[in-house]
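Engineer: sequence and predicted structure below; questions after.
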Amino acid sequence: MEGIDLEKIYDLIVLGGGPTAIGCAIYAKRFAMEVLIVGKTFGGLIATTHIVENYPAISSISGQGLMELFKEHMNSLEIPYISDEIKNIEKVNDHFELHSFFQNFKAYSVCIATGSVRRKLGIPGEEEFAGKGVSYCATCDGPFYKDKVVCVIGGSDSAAKEALFLAQNTKKVYIIYRGEDLRAEPINKKRVLESDKIEIIYNTNVVEIIGEGKVKSIVFDNGKRLDIDGVFIEIGSVPNSDIAKHIGVDINDHNEIKINRKSETNIPGIFAAGDVADAPFKQAITGVAEGVIAAYSAFDYVKEMNIEY
Amino acid sequence: MKVRSVPVSYIIEKMIKQELAKLKQPVTIKLFIDESKELETKKTLSILKSYKENSNNKLNLDIITLGKGTDLIERYQIERFPTILLIDAEGNECIRYLAAPQGSEVKPFIQSLQVLSGRKNYYEETLKTNLDNTKTSTIKVMVTKSCAYCPELVNMVSQFALGSSGKVKAEIIDILENPDIGDHYNIETVPYIVINNGEPLIGLISPNELLEKILKV
């Protein structure tokens, strides 16, 4: 709780723990704003990425490593971070009150940068075998599948990178994709195609996961079955926008928060950025940029309120 | 094209120095070792000695060797070596590590030291109110070094242990270092939490979800 004052009305409270939230807080701090970050997961989804090669100025780094750099920058500016989940936001006079189960906070402005969570397939066996062969994080659970046969379901760049990571230690990796061609970045697609451990099964959906205590096989929509030890599901993500709905922030059909080019929502003083927002391109670098814009807009908003720094 | 990797170890080393400088009161770590396990002992000793060296003499490292500290080994029911114990000022065990506090696990380890050293615990007030009439719970947190979500959960459970007035004890277990524990629970995913040997909790959970689970147990 060092550096946290529960009586204070913060200029900006940033919700989230990924690069977007930290980028936003760094800029806010440099604008001399009183800023606090409240996040459920430090690092966000990118921390689960085994290798990041598209963050400008850093040729290659693990997702966790990148977030260590963010953390170091955050700490150097003495930006306080709390591990908690805000359940409710309400407007009280000129500020917002944010409530978690453990504490209440006050802020003149809020940036929602709560990111997204892995999308689930919703097929029989997925829930039953979660943690018993079904996984959503290759870097977390990959080490359990040394010399075993696994599959990655999905055809995105993330799916390709998960497969490449898993191929380092497993016996074989199948990529099961409903489309005709991987949507990965060309460099990762090339690596996948060149790997002698990865086999791609196109135009196929997995309709069931079967096992006894742990995963044994998967069933395809053509009725065929494939024996497998682990199933890694990488089919995109779902925005974490529940907190925004609570206070009446406009959400689109994909559950993303609607923002304008200033990262403003329909509610003055509430900003949003990153994967939770409706920007079309979901990358760490674009999330950081939106977070920075949110900080700038929050600065303008608070300045207009004539609050002394 | 050869891709250059960015080393982050220097960032972690810098963070260790900065954060250990914030220790207020002296803190004691008890390390139980078995000299016959040379490799593991050497690694853990090296890590903890580097913490001690950077702590401005605020960190005491008590090393208890198997065969030479039988009373303490019995008192704390030490069954594995190395085991690291974070204890409070009265000598009560708060957090047990069957894992090396290195890499991303440095942050939760040091935050625990800071709380033991006098820093305020964010969860303490609510925990005291809610856990007042409950029995003691032991929370096992199974982790691996590469698990991105584990440090956050380790931190949360550790802070619960430190802010619960002895109602919660935490055990942090690296299941790749202790594969028999992983096999016992049939673990194929981390983070994996077991409270008092009850039904496991898989993945990252929020602090209020963790408190609800403790209260149900």
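Structural biologist: Noted; the coordinates are in hand. What you are looking at is a predicted structure, and each value in this text was computed from that prediction instead of being measured.

Engineer: when you work out contacts or count neighbours from here on, use the C-alpha atoms and nothing else.
Structural biologist: Fine.

Engineer: for chain B, which residue gets nearest to chain A?
Structural biologist: residue B:147 (4.0 Å; CA to the nearest CA).

Engineer: leaving out chain neighbours, which residue sits closest to that residue?
Structural biologist: residue A:140 (4.0 Å; CA to CA, 6 or more residues apart in numbering or on different chains).

Engineer: right, and the one you found touches residue B:192 too?
Structural biologist: No - contact criterion CA atoms under 8 Å: residue A:140 and residue B:192 do not qualify, at 10.9 Å.

Engineer: ok, those two, which is more surrounded?
Structural biologist: Per other CA atoms under 10 Å in any protein chain shown, whichever of residue A:140 and residue B:192 has more neighbours is residue A:140, with 25 against 22.

Engineer: tell me the pLDDT of whichever residue of chain A sits closest to chain B.
Structural biologist: Using CA to the nearest CA, the closest approach of chain A to chain B is made by residue A:140 at 4.0 Å. Confidence at residue A:140, expressed as pLDDT, is 87.

Engineer: who touches it in this structure?
Structural biologist: Contact analysis of residue A:140 by CA atoms under 8 Å, 6 or more residues apart in numbering or on different chains lists A:48, B:144, B:146, B:147, B:148, B:149, B:189, B:190, B:191.

Engineer: on that earlier part again, was I right to think the residue of chain B closest to chain A contacts residue A:141?
Structural biologist: Yes - in terms of CA under 8 Å, residue B:147 counts as a neighbour of residue A:141; the distance is 7.4 Å.

Engineer: list phi and psi for the residue nearest to residue B:147.
Structural biologist: Main-chain torsions, residue A:140, degrees, to the nearest 10: phi -70, psi -50.

Engineer: gap between it and residue A:58?
Structural biologist: 23 Å (CA to CA, to the nearest Å).

Engineer: what's the average pLDDT for stretch A:273-283?
Structural biologist: 92.

Engineer: pull the residues that contact that stretch.
Structural biologist: With CA under 8 Å, 6+ apart, stretch A:273-283 has contacts from A:20, A:111-116, A:239-241, A:252, A:256-259, A:263, A:284, A:286-288, A:290-291, A:294.

Engineer: filter those residues down to the buried ones.
Structural biologist: Buried subset of the contacts of stretch A:273-283 (neighbour count, 16 or more other CA atoms under 10 Å in any protein chain shown): A:20, A:111-116, A:239-241, A:256-259, A:263, A:284, A:286-288, A:290-291, A:294.

Engineer: which of these fall in strands?
Structural biologist: Counting by DSSP state E, those place A:111, A:112, A:116, A:239 in strands.

Engineer: who are the contact partners of the last one?
Structural biologist: If you count contacts by CA under 8 Å, 6+ apart, residue A:239 has them with A:114, A:115, A:116, A:117, A:254, A:255, A:256, A:275, A:276, A:277.

Engineer: could you report the neighbour count for residue A:201?
Structural biologist: Residues near residue A:201, counting by other CA under 10 Å, number 15.

Engineer: report the contact partners of it.
Structural biologist: Applying CA under 8 Å, 6+ apart, the residues near residue A:201 are A:174, A:175, A:176, A:177.

Engineer: now do the same for the residue nearest the centre of chain A: its pLDDT.
Structural biologist: Nearest to the geometric centre of chain A sits residue A:45, at 3.4 Å (CA atoms, centre = their mean). Predicted confidence (pLDDT) at residue A:45: the value is 85.

Engineer: can you report phi and psi for it?
Structural biologist: Here is the backbone geometry of residue A:45 (degrees, to the nearest 10): phi -60, psi -30.

Engineer: surely it and residue A:117 touch.
Structural biologist: Yes - using CA under 8 Å, residue A:45 is in contact with residue A:117, at 7.4 Å.

Engineer: enumerate the residues of chain B near chain A.
Structural biologist: B:3-8, B:11-12, B:15, B:104, B:119-123, B:126, B:144, B:146-149, B:152, B:156, B:186-191, B:202, B:204, B:206-208 (CA under 8 Å from any CA of the partner chain).

Engineer: which secondary structure elements does the biggest helix by length in chain B contact?
Structural biologist: In chain B, assigned by DSSP state H, the helix with the most residues is helix B:38-53. Judged by 3 or more CA pairs under 8 Å, 6 or more residues apart in numbering or on different chains; DSSP states H and E, helix B:38-53 is in contact with strand B:59-65.

Engineer: at which residues are the strands of chain B located?
Structural biologist: B:27-33, B:59-65, B:83-87, B:93-98, B:137-143, B:168-174, B:192-195, B:201-202.

Engineer: how far does the third one sit from its chain's centre?
Structural biologist: It stands for strand B:83-87. Centroid separation for strand B:83-87 versus its chain: 8 Å, with CA atoms, centre = their mean, to the nearest Å.

Engineer: can you name the residues of chain A that neighbour chain B?
Structural biologist: Counting by CA under 8 Å from any CA, the residues of chain A that sit close to chain B are A:1-2, A:40-43, A:47-48, A:58-61, A:64-65, A:68-69, A:72, A:83-85, A:101-102, A:131-133, A:135, A:139-141, A:144.

Engineer: let's see 7 Å
Structural biologist: Neighbours of chain B within chain A, by CA under 7 Å from any CA of the partner chain: A:1-2, A:40-42, A:47-48, A:58-61, A:64-65, A:72, A:84-85, A:101-102, A:131-133, A:135, A:139-141, A:144.

Engineer: related to what we said a few turns ago, which of the residues of chain B next to chain A count as buried?
Structural biologist: Using 16+ other CA under 10 Å, the buried members of those are B:8, B:12, B:15, B:104, B:119, B:121-123, B:144, B:146-149, B:152, B:156, B:187-191, B:202, B:204, B:206-207.

Engineer: of the residues you listed, which belong to helices?
Structural biologist: B:12, B:15, B:152, B:156, B:207.

Engineer: of those residues, the lowest pLDDT goes to which?
Structural biologist: Ranking these by pLDDT puts residue B:12 at the bottom, with 78.

Engineer: output the contacting helices and strands for the longest helix along chain A.
Structural biologist: The residue-count maximum for a helix in chain A (DSSP H) belongs to helix A:284-304. In terms of contacts (3 or more CA pairs under 7 Å, 6 or more residues apart in numbering or on different chains; DSSP states H and E), helix A:284-304 is packed against helix A:19-30, strand A:104-112.

Engineer: most packed of these?
Structural biologist: helix A:19-30 (a mean of 26; mean count of other CA atoms under 10 Å in any protein chain shown).

Engineer: how about the helices and strands packed on helix A:284-304, which one is nearest residue A:148?
Structural biologist: helix A:19-30 (33.5 Å; CA to CA).

Engineer: what's around the spatially closest residue to residue A:259 that is not a sequence neighbour, how many residues?
Structural biologist: The spatially closest residue to residue A:259, leaving aside those adjacent along the chain, is residue A:265, at 4.8 Å (CA to CA, 6+ apart). When counting by other CA under 10 Å, one arrives at 24 neighbours for residue A:265.

Engineer: now swap in the one 5 residues further on and tell me
Structural biologist: Taking other CA under 10 Å as the neighbour definition, residue A:270 ends up with a count of 25.

Engineer: what's the answer for the one 4 residues further on, then?
Structural biologist: Other residues near residue A:274 number 32, with proximity taken as other CA under 10 Å.

Engineer: could you pull out the strands for the stretch 51-200 of chain A?
Structural biologist: A:81-83, A:88-92, A:95-99, A:104-112, A:116-118, A:134-135, A:149-153, A:172-176, A:198-201 (DSSP state E, counting those that start in this stretch).
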